[in-house]
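Q: Return atomic coordinates for the entry below.
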Amino acid sequence: MSYPVKVIICIFFVACNNSSNSIVPDNKSADSVSNVKSYSRSKEIREDTIGFLSNCDQWKKGLSEGSLQGLDINKDSLEDFCFYECYDCKETFEIAFAYKNKNEKNKEDLMWSEFSKGCSNKFEKFNCYAFVYPMVDPDKQKDVHEINIRFPVTVRAYRRIDGDRWHLIKKEDIKDFHDLSLLRFQTIYNP
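A: Numbers count the residues shown, from 1 in each chain. Below you'll find the model as predicted:
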């Protein structure tokens, strides 16, 4: 390789490594961010967001507690979660709340208690994962027990950074409920 080519490659490498690693661009505050850099293990994705928890004090329906479903028994979730599903949002989404204090006695009782008062502290005792994809409100279907997702769908999976700031982990096309369950499992247990 000739000397000028080495210099050009070196300059390019240094320029790429010196770019800002800040999540918030210099000209925006953290509260106004809607399109900032995000990194996955293998590639750069430019779709981070804020606001999944913005109206949590008004959540009345769509709340539940349970485990991940739709996987083989040996791959099903290893713990219980709290969930919130928003059907009347601009983009429908669900959030899985993983309780951080897994080793406490009466964990399930404490988990729901902490979740019930979590809006005031932005659910600081939980690791949070949001999944954005089209859903139908089950109460507006002919059969409330019918699955409320019309596959195939594109799902954006986020991990909460802190407060109400979220990092896009991946975006995938999902063909059925099993694949959706697998995406949830991988996002939570292998982010």
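
Q: All the strands of this protein, in order from the start?
A: Remark: strands assigned in the chain by DSSP state E are 38-39, 44-45, 49-50, 63-66, 81-86, 93-99, 126-132, 153-162, 165-174.

Q: can you list the ones you listed in CSV and add distance to Asp109, mean neighbour count and mean pLDDT?
A: No exception for glycine: its C-beta is placed from N, CA and C like everyone else's. Output for the strands of the chain, formatted as CSV (distance: least, C-beta to C-beta, whole Å; neighbours: other C-beta atoms under 10 Å; pLDDT from 0 to 100):
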stretch, distance to Asp109, mean neighbour count, mean pLDDT
strand 38-39, 36, 17, 36
strand 44-45, 38, 12, 40
strand 49-50, 31, 19, 80
strand 63-66, 11, 12, 91
strand 81-86, 12, 20, 94
strand 93-99, 11, 21, 95
strand 126-132, 15, 22, 97
strand 153-162, 24, 18, 95
strand 165-174, 28, 19, 94
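
Q: what residue ranges in this structure score low on pLDDT?
A: Along the chain, segments meeting pLDDT under 70 span 1-47, 73-78, 104-108, 191.

Q: For it, just list every one of the helices.
A: Secondary structure of the chain (DSSP state H): helices located at 3-17, 107-116, 177-189.

Q: can you pull the buried residues of the last one?
A: When neighbours are counted by 16 or more other C-beta atoms under 10 Å, the buried residues of helix 177-189 are found to be 179-185, 187-188.

Q: Next: the shortest one.
A: Of all the residues in helix 107-116, those buried under the rule 16+ other C-beta under 10 Å are 111, 114-115.

Q: Turn those residues into a markdown table, columns for distance to Phe151.
A: Output for those, formatted as a markdown table (distance: C-beta to C-beta, whole Å):
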| residue | distance to Phe151 |
| --- | --- |
| Met111 | 30 |
| Glu114 | 34 |
| Phe115 | 29 |
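
Q: between these, which is closest to Leu71?
A: Met111 (21.1 Å; C-beta to C-beta).

Q: quick revisit: could I get the buried residues of helix 177-189 as TSV with distance to Thr92?
A: As requested, the buried residues of helix 177-189 are arranged in TSV below (distance: C-beta to C-beta, whole Å):
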residue	distance to Thr92
Asp179	18
Leu180	13
Ser181	17
Leu182	20
Leu183	16
Arg184	15
Phe185	20
Thr187	17
Ile188	19
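
Q: what sits against Phe97?
A: Applying C-beta atoms under 8 Å, 6 or more residues apart in numbering, we find Phe97 in contact with 81-84, 115, 118, 123, 126-128.
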